[in-house]
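S.K.: Fold the following, please.
(chains A and B)
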Amino acid sequence: DAGVTQSPTHLIKTRGQHVTLRCSPISGHKSVSWYQQVLGQGPQFIFQYYEKEERGRGNFPDRFSARQFPNYSSELNVNALLLGDSALYLCASSLAPAGGRETQYFGPGTRLLVL
Amino acid sequence: AQSVTQLGSHVSVSEGALVLLRCNYSSSVPPYLFWYVQYPNQGLQLLLKYTTGATLVKGINGFEAEFKKSETSFHLTKPSAHMSDAAEYFCAVRGYGGSQGNLIFGKGTKLSVKP
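M.R.: Residues are numbered from 1 along each chain as shown, chains lettered A, B, ... in the order given. Presented below is the predicted three-dimensional model:
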């Protein structure tokens, strides 16, 4: 069975540009969460979506937005890129909304470099 | 609020030696705790998790962790290190409130295994 997939694997952008990252969850999983992992740090929660609705948001500016599609795939959008947005962006999926005993399964990530 | 502290950003052991990676948590509610491993240029893989019940949790690849409420700890151990264990390890606690059940990670511990 395919795990969580993300595209693209690597991306280089310049400051002020916009970027869209994509995620396909494990088949049957309805919840998708996004995390940002800056070099040398642990992942930090950005968004969670379940059944196409936002279920949680971390402490990130409004330049960050996301959405979930009817097939449960998801996009993360970042506007007006800053150098500090350079990071590995991880997508995680779970059967139900993240919480309690629910396990999140992570994809390989998209590495974004902002110049 | 929940938080995780991993003691030691870098741990080095010899092949065959005991692996001990330390994690302390802070939580105002009974915690759900997780250990993930990240190999170079990859996403996160779940090693093990503690929800309720038995405080000694066994995971994949010979790892185990013990939940000690009195010490607010969830240290990860493996009796005998293998070269393939070289990776970065993240301890995480389930968040509540605004993070909507998503994971709050420590900063990670990089494990090196010497031949």
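
S.K.: residues near the nearest residue to B:Arg94 once chain neighbours are set aside, how many?
M.R.: Leaving out its chain neighbours, the residue that sits closest to B:Arg94 by C-beta to C-beta, 6 or more residues apart in numbering or on different chains is B:Tyr32, at 3.9 Å. (Each C-beta comes from the backbone N, C-alpha and C, glycine too.) By other C-beta atoms under 10 Å in any protein chain shown, the residues close to B:Tyr32 number 23.

S.K.: My read is that B:Tyr32 contacts B:Gly95, right?
M.R.: No - the pair B:Tyr32 / B:Gly95 is not scored as a contact, 9.6 Å apart, by C-beta atoms under 8 Å.

S.K.: can you map out the strands along chain A?
M.R.: Counting by DSSP state E, one finds strands in chain A at the ranges A:5-7, A:10-13, A:19-24, A:31-37, A:44-50, A:53-57, A:64-68, A:74-78, A:87-94, A:105-106, A:110-114.

S.K.: Nearest approach to chain B belongs to which of those?
M.R.: Go through these one by one with C-beta to the nearest C-beta and the one that ends up closest to chain B is strand A:53-57, at 2.7 Å.

S.K.: Give me the angle between the closest one and strand A:31-37.
M.R.: Here strand A:53-57 runs at an angle of 30 degrees relative to strand A:31-37 (axes from the mean of the first three to the mean of the last three C-alpha atoms, to 10 degrees).

S.K.: So the lowest-mean-pLDDT helix or strand in chain B, near chain A or not?
M.R.: Here the helix or strand of chain B ranked lowest by mean pLDDT, DSSP states H and E is strand B:103-105, holding a mean of 91. Yes - counting by C-beta under 8 Å from any C-beta of the partner chain, chain A is contacted by strand B:103-105 at B:Leu103, B:Ile104, B:Phe105.

S.K.: Among the residues you listed, which one sits closest to B:Ser12?
M.R.: Nearest to B:Ser12, judged by C-beta to C-beta, of these is B:Phe105 at 21.9 Å.

S.K.: give the contact list for the closest residue to that closest one other than its chain neighbours.
M.R.: What sits nearest to B:Phe105 in space, not counting adjacent residues and going by C-beta to C-beta, 6+ apart, is A:Gly42, at 3.2 Å. A:Gly42 is in contact with B:Val4, B:Phe90, B:Ala92, B:Phe105, B:Gly106, B:Lys107, B:Gly108, counting by C-beta atoms under 8 Å, 6 or more residues apart in numbering or on different chains.

S.K.: Would you mind giving these as JSON lines with secondary structure and neighbour count added?
M.R.: Compiled in JSON lines, the contacts of A:Gly42 are given as follows (DSSP: H, G, I helix; E, B strand; the rest coil; neighbours: other C-beta atoms under 10 Å in any protein chain shown):
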{"residue": "B:Val4", "secondary structure": "strand", "neighbour count": "23"}
{"residue": "B:Phe90", "secondary structure": "strand", "neighbour count": "26"}
{"residue": "B:Ala92", "secondary structure": "strand", "neighbour count": "27"}
{"residue": "B:Phe105", "secondary structure": "strand", "neighbour count": "24"}
{"residue": "B:Gly106", "secondary structure": "coil", "neighbour count": "24"}
{"residue": "B:Lys107", "secondary structure": "coil", "neighbour count": "14"}
{"residue": "B:Gly108", "secondary structure": "coil", "neighbour count": "22"}
